[in-house]
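Engineer: how would this look folded up:
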Amino acid sequence: MKTMRSMTKAIIYFLNDVKMNIAFLAICSCLEYIFFKHDFLTATFVMVMVIWGYNILFSLTNWSKNIVFLMFNFMFFLFLLSRPFLNMINYGQVWYYPEQAYRVANVILYLSLVLLFIGYRCLDYVIQQRPPYQDQPSSGLKKYGTYLRYGALGLFFICWLCSMYNGFDMIMFMRGRTYEDFYTQYHSSVPFVVNALAQVMPYFLCCYLMTFPSKIKTYIILIIYLLSGLPDFIIGSRGTIMEAAVFCFVYFALRHYLETKSIQWIGKFEKLMLVISIPVIILGLGAYNYIRAKEDVPQINPMYLMTDFFYKQGTSADTLCQSIQHQEALRNSQHINYTFGEIIDTTLHGTIAQRFFHATDLGSGNNLTKAYTGNYVTHHLSYLVLKDRYLAGQGRGTSYVIENYIDFGYGGVVIFNLLLGMYLSSITYFMKKHIFIATIAFIPLTKIFEMARQPSMRAFLFLFTPHFWIAVIMLLCTICLCSMIFNQRRRYRYGKIY
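Structural biologist: Here you go, the predicted structure:
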């Protein structure tokens, strides 16, 4: 028993020592070259899986603190590693594209995971060397704490209703139509103001959560937030509700880490629910692949549905290889930059640019304008690969690693993942800061876990949109209004106004 405890402590010490971490990665790289140099493709992918497993193992040494890094790595596997991994297990063959595409793809995946880890550990090490932050979480709740909390909550409910109304409009449109029709024919009939309020709902949610409400209040508000993803799920899109579910779990885990001495945020009930719900959700999503396409489920077999779910979610691995095959065409297309493409297109073709500078509207869904112009890999690559099928509603998607590589080569992959790892490491630190700083740092978590199949700046795009800054003004006005009403009532109560 003592031996087992000593081994466990040694493993934890090893995983938490920065120098030993880097030495381990260097040794693994050397062993890869020595033992697998005759089979570069298999060797590099095996090495990718080793590094991924190492990231997961490190995260589990303090899972509630490292929950953001843990879930990001899990989603990275789901979207970019699961398909080649299952191919290797089932068929002994990792890839089925030209060899050069595999080589580059494996190096990109390897560099991404290594630099994510290095960025995460380096900033974590720096934070640990700083003097402990004295203020408690939600330390920004001072004089206007109550107004801020209930103002954010009230605005969240208003925006949630707008989001559900927007979802109802999508459901009504999809009656009698296929899933692909949504991407080619749907045009929102929702008023502009309602649509805008629906988009800012996550901002007010994060602001409220950064006031650190009680556990029961958090349960209620996050269940309501999960319900906002149902309309998208009904029309066939699983991404919104999956992102919301991961976000809710991550928030609970972070509160568990920050307040473990006062309350068990993830106790026996939550652990039991996780054990029961995760397999059920995976099996249900696996079956939903066929249900949304109006097809019969081939096998009511748990193992088949689970494998099928992971395999089909891993389509971003194919997208990575296809983008490498067509990298010259993508680099020579009419675009400015893919990595910052959403920011560029929002600035040059967004609502403000259209209304005040008569900018071109790129349109919605799949169309030729986006296929030839704009700064979206997903549209440019989809049209290159699929042609007419793209215009019929199909697509290849994208990934942040694709955009980094197409724009800046391996150097872009290294730098972006290093910075991303640092951001993932900073969440618990910022949650102890002022409420507004914590909110801005926390908002990207509503989008970041699907970054492996999303554009690079999707999670951080809000900072460059007018919606966010209007939401800030709305919240400040609400706080001021609440303060005025409260002060006026207090004066009347004490007879200061006659």
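Engineer: F462 against I443, yeah?
Structural biologist: Yes - with contact defined as Cβ atoms under 8 Å, F462 reaches I443; the gap is 5.9 Å. C-betas here are computed from N, CA, C, even on glycine.
Engineer: intersection of neighbour lists for the two?
Structural biologist: Y203 (Cβ atoms under 8 Å, 6 or more residues apart in numbering).
Engineer: okay, now F269: neighbour count?
Structural biologist: 9 (other Cβ atoms under 10 Å).
Engineer: what do you get for the one 5 residues further on?
Structural biologist: Per other Cβ under 10 Å, the neighbour tally for L274 reads 12.
Engineer: ok, it - contacts?
Structural biologist: L274 makes contact with F249, according to Cβ under 8 Å, 6+ apart.
Engineer: and the pLDDT for V297?
Structural biologist: Predicted confidence (pLDDT) for V297: 74.
Engineer: what do you get for P131?
Structural biologist: At P131, pLDDT is 69.
Engineer: M7 too?
Structural biologist: With respect to pLDDT, M7 scores 50.
Engineer: one more: V18?
Structural biologist: V18 is given a pLDDT of 55.
Engineer: was I right about L116 contacting Y423?
Structural biologist: No - counting by Cβ under 8 Å, L116 sits too far from Y423 to count as a contact (10.2 Å).
Engineer: shared neighbours of those two, anything?
Structural biologist: Contacts common to L116 and Y423, judged by Cβ under 8 Å, 6+ apart, are absent.
Engineer: which of these two has more neighbours?
Structural biologist: Taking neighbours as other Cβ under 10 Å, L116 and Y423 compare with L116 leading, 26 against 20.
Engineer: residues touching that one, list them.
Structural biologist: 55, 69, 72-73, 417-418, 420-421, 424.
Engineer: with secondary structure, distance to S364 and pLDDT added, can I get those in TSV?
Structural biologist: Shown next, in TSV, are those (DSSP: H, G, I helix; E, B strand; the rest coil; distance: Cβ to Cβ, whole Å; pLDDT from 0 to 100):
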residue	secondary structure	distance to S364	pLDDT
N55	helix	37	93
F69	helix	35	97
F72	helix	29	97
N73	helix	33	97
N417	helix	31	97
L418	helix	35	94
L420	helix	29	97
G421	helix	34	95
L424	helix	32	96
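Engineer: which of the residues you listed sits closest to I344?
Structural biologist: L420 (19.5 Å; Cβ to Cβ).
Engineer: what is the burial count for that closest one?
Structural biologist: Neighbours around L420, by other Cβ under 10 Å: 22.
Engineer: shaky segments in the chain?
Structural biologist: Along the chain, segments meeting pLDDT under 70 span 1-40, 92-95, 131-144, 260-262, 293, 299, 489-498.
Engineer: quick check: buried residues in stretch 352-366?
Structural biologist: Neighbour counts over stretch 352-366 (16 or more other Cβ atoms under 10 Å) mark 353, 359, 362, 365-366 as buried.
Engineer: show residues contacting that stretch.
Structural biologist: Against stretch 352-366 from outside (Cβ under 8 Å, 6+ apart): 182-188, 345, 347-350, 369-370, 373-374, 379, 382, 390-395, 466.
Engineer: repeat the analysis, applying 6 Å as the threshold.
Structural biologist: Applying Cβ atoms under 6 Å, 6 or more residues apart in numbering, the contact partners of stretch 352-366 are 183-184, 348-349, 369-370, 374, 390-391.
Engineer: give me the subset of those lying in strands.
Structural biologist: Applying DSSP state E to the contacts of stretch 352-366, no entry is found in strands.
Engineer: now neighbour count too, for these, in TSV please.
Structural biologist: Formatted as TSV, the contacts of stretch 352-366 follow (neighbours: other Cβ atoms under 10 Å):
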residue	neighbour count
Y183	18
T184	17
L348	16
H349	20
T369	13
K370	21
G374	25
Y390	24
L391	17
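Engineer: and the contacts of L116, which two are the farthest apart?
Structural biologist: For these, the maximum inter-member distance is 15.4 Å, found between N73 and L418 (Cβ to Cβ).
Engineer: between those two, who's got more neighbours?
Structural biologist: Neighbour totals were compared for N73 and L418, and N73 leads with 26 against 19 (other Cβ under 10 Å).
Engineer: circling back to that earlier point, of all the contacts of stretch 352-366, which comes closest to F269?
Structural biologist: Ranked by distance to F269 (Cβ to Cβ), the contacts of stretch 352-366 are led by Y183 at 40.0 Å.
Engineer: roughly how far apart are the closest one and G397?
Structural biologist: Plainly put, Y183 is 12 Å away from G397 if you go by Cβ to Cβ, to the nearest Å.
Engineer: ditto for H434
Structural biologist: Distance from H434 to G397, by Cβ to Cβ: 37 Å.
Engineer: before we move on, what about G284?
Structural biologist: From G284 to G397 the distance is 22 Å (Cβ to Cβ).
Engineer: settle it for me: which of the two has more neighbours?
Structural biologist: When G284 and G397 are compared for neighbours, G397 comes out ahead with 18 against 14, by other Cβ under 10 Å.
Engineer: helix or strand: which one has the more buried one?
Structural biologist: Remark: G397 resides in no helix or strand, with elements defined by DSSP states H and E.
Engineer: hang on, it packs against A452?
Structural biologist: No - the pair G397 / A452 is not scored as a contact, 10.1 Å apart, by Cβ atoms under 6 Å.
Engineer: wait, what's in contact with W265?
Structural biologist: Counting by Cβ under 6 Å, 6+ apart, W265 touches 252, 255-256.
Engineer: between those, which sits nearest I485?
Structural biologist: R255 (30.8 Å).
Engineer: show me the contacts for the closest one.
Structural biologist: Here R255 is in contact with W265 (criterion: Cβ under 6 Å, 6+ apart).
Engineer: in the helix or strand harbouring it, what's buried?
Structural biologist: For R255, the element it lies in under DSSP H and E is helix 239-258. Using 16+ other Cβ under 10 Å as the test for burial, helix 239-258 gives 240-258.
Engineer: can you check stretch 462-479 too?
Structural biologist: Quick answer for stretch 462-479 (16+ other Cβ under 10 Å): 462, 464-465, 467-468, 471-472, 474-475, 478-479.
Engineer: for S333, which non-adjacent residue is closest in space?
Structural biologist: H380 (5.2 Å; Cβ to Cβ, 6 or more residues apart in numbering).
Engineer: burial count for the one you found?
Structural biologist: 27.
Engineer: I'd assumed R331 was in contact with it.
Structural biologist: No - with contacts counted by Cβ under 6 Å, H380 stays clear of R331, the gap being 10.3 Å.
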